[in-house]
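Participant: Got a predicted model here, sequence first, then my questions.
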Amino acid sequence: MEKLVVNAEKRSTIGKKVSVLRREGKLPGVIYGHKFETVSILMDQKEASRVLNQATSSSIVSVNLEGKEIATLVRERQKDYLRNSYLHIDFQAVSLTEKIRANVNIELTGIAPAVKDFSGVVVEGLNSIEVEALPVDLPERFIIDISVLKEIGDSIFVKDIPVSSKVEVLTPGDEMVILVTSPEAEEVVIEEGAEGAEPEIIEKGKKEEE
């Protein structure tokens with residue numbers, strides 16, 4: 001993957017005045033980290049978005065801050081989903097010689113015979129795995145081939161994912177990543193999930209009213 005670089009300048013404008021900068025095509029952000037003095041930054045919206053759309057949660061993004069490159073991870077992306085544009089980006093400065101923790105996304109590939117031959121339903125348990133490694137050793141993503149799922153009930157756990165010896169997996173190995181279940185079992189899971197979610201939705205509404 002090509003090196004990801006975002007050009008930035010220091011930002012003094014804060015608070016409500018930042019919205020003016022956004023209308024001018026600018027994207028505000030902040031860089032923070034261990035042994036790093038927090039600095040507010042400003043980027044070009046189009047240029048930064050092009051780079052950020054390629055970056056995963058474990059990608060090293062070099063922020064070129066007025067001529068000085070800072071190795072970072074993208075920790076938070078605030079986004080306006082109606083306009084499909086970024087509002088604010090949080091970067092964490094990292095040392096290339098110190099191990100860090102990061103969540104690495106899971107990407108599925110292939111076709112599960114259990115789905116094709118037995119009308120099974122793929123249930124995803126996790127969409128990312130927490131690991132610890134040097135920044136340069138962080139995998140961009142874990143690609144999982146689900147063609148090994150041949151029967152209803154077949155599954156893949158965290159411990160089944162091949163990982164480099166340079167990477168320590170922090171997510172428990174017995175956590176399920178993928179499971180193939182029958183359509184009938186999937187319907188039961190959906191119904192139970194819907195019933196269990198109702199009180200949470202009501203509580204959320206109360207908090208918003210408060």
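Facilitator: That came in fine, so what should we check first?
Participant: my guess is Leu87 contacts Arg22, does it?
Facilitator: Yes. Using Cβ atoms under 8 Å, Leu87 is in contact with Arg22, at 7.1 Å. In this view, the C-beta of every residue, glycine as well, is placed from N, C-alpha and C.
Participant: any residues in contact with both of the two?
Facilitator: Pro28 (Cβ atoms under 8 Å, 6 or more residues apart in numbering).
Participant: Extract the residue ranges of the protein that are flagged as low pLDDT.
Facilitator: Scanning the chain for pLDDT under 70 picks out 1, 185-210.
Participant: Mind listing what's buried along the helix or strand Val6 falls within?
Facilitator: For Val6, the element it lies in under DSSP states H and E is strand 4-10. For strand 4-10, burial by neighbour count (16 or more other Cβ atoms under 10 Å) applies to Leu4, Val6, Asn7, Ala8.
Participant: Leu56 and Phe142, how far apart?
Facilitator: Just to correct that, residue 56 is Thr rather than Leu. 10 Å (Cβ to Cβ, to the nearest Å).
Participant: what does Gly15 give?
Facilitator: Taking Cβ to Cβ, one finds Gly15 at 40 Å from Phe142.
Participant: With Val74 instead?
Facilitator: Distance from Val74 to Phe142, by Cβ to Cβ: 18 Å.
Participant: hmm, back to that, parallel or antiparallel, list what pairs with the strand holding Val6.
Facilitator: Looking at strand 4-10 with DSSP bridges, its partner strands are strand 36-44 (antiparallel), strand 61-65 (parallel).
Participant: surely Gly173 meets Val158?
Facilitator: Yes. In this structure, Gly173 is within contact of Val158 by Cβ under 8 Å, at 4.9 Å.
Participant: Go ahead and flag the most central residue of this structure.
Facilitator: Residue closest to the mean C-alpha point of the chain, counted by Cα atoms, centre = their mean, is Ser57 at 4.2 Å.
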